[in-house]
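>>> Quick one, structure for this:
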Amino acid sequence: MSIYEKKVILILFIVLILYSNVSAQDNLNNSFIEEQMDLTNNIQIDNLLKELMDENEIYFEGNTKDMILKLIKGEKIIEGKSVGKSIGKIFLKELSFSLNLLSKVLIITIISAILTNLQNTLKNHP
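Just a heads-up that it's a prediction; the model follows:
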């Protein structure tokens, strides 16, 4: 194949891709969405979301299936401000936990150093 033929094929391919007519269904069929939701294991998803919400003090109204259906249909919009606030709470909670743990380790290390120093001092004095 010559370079000219390759260029022609490439141009035809690009033209076909750019001007092809693609149609999509604008609104999803409710029964199809509900059928797919029924096929999933909602009990595990419910338990996981409840655990996450309890841990991070996030509250959603309704059950998981209704919430997911509303999100897919665009009826419920997740606000960036509430997501940012929730992430901030989670970050501060984890930071607080880490600092608490670090302080406990530091206290144990100081007590261990004091006891080791005291032991060495008492060993040296007869």
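>>> buried stuff in the strand or helix carrying Asp46?
In this assignment (DSSP states H and E), Asp46 forms part of helix 42-56. For helix 42-56, a neighbour-count test (16 or more other C-beta atoms under 10 Å) marks Leu49 as buried. For every residue, glycine as well, the C-beta is placed using N, CA and C.
>>> Quick one: list the elements packing against it.
Applying 3 or more C-beta pairs under 8 Å, 6 or more residues apart in numbering; DSSP states H and E, we find helix 42-56 packed against helix 64-73, helix 80-124.
>>> tell me the angle of the last one relative to helix 42-56?
Translated: helix 80-124. Between helix 80-124 and helix 42-56, the angle comes out at 60 degrees (axes from the mean of the first three to the mean of the last three C-alpha atoms, to 10 degrees).
>>> residues contacting the residue nearest the centre of the chain?
Nearest to the mean C-alpha position of the chain, by C-alpha atoms, centre = their mean, lies Ile87 at 9.9 Å. Contact analysis of Ile87 by C-beta atoms under 8 Å, 6 or more residues apart in numbering lists nothing.
>>> Same check on Ser103?
Taking C-beta under 8 Å, 6+ apart as the test, Ser103 contacts no residue whatsoever.
>>> any idea how far it lies from Lys93?
Relative to Lys93, Ser103 is positioned 16 Å away (C-beta to C-beta, to the nearest Å).
>>> Could you list the domains of the chain?
23-77, 78-126 (automatic domain parsing).
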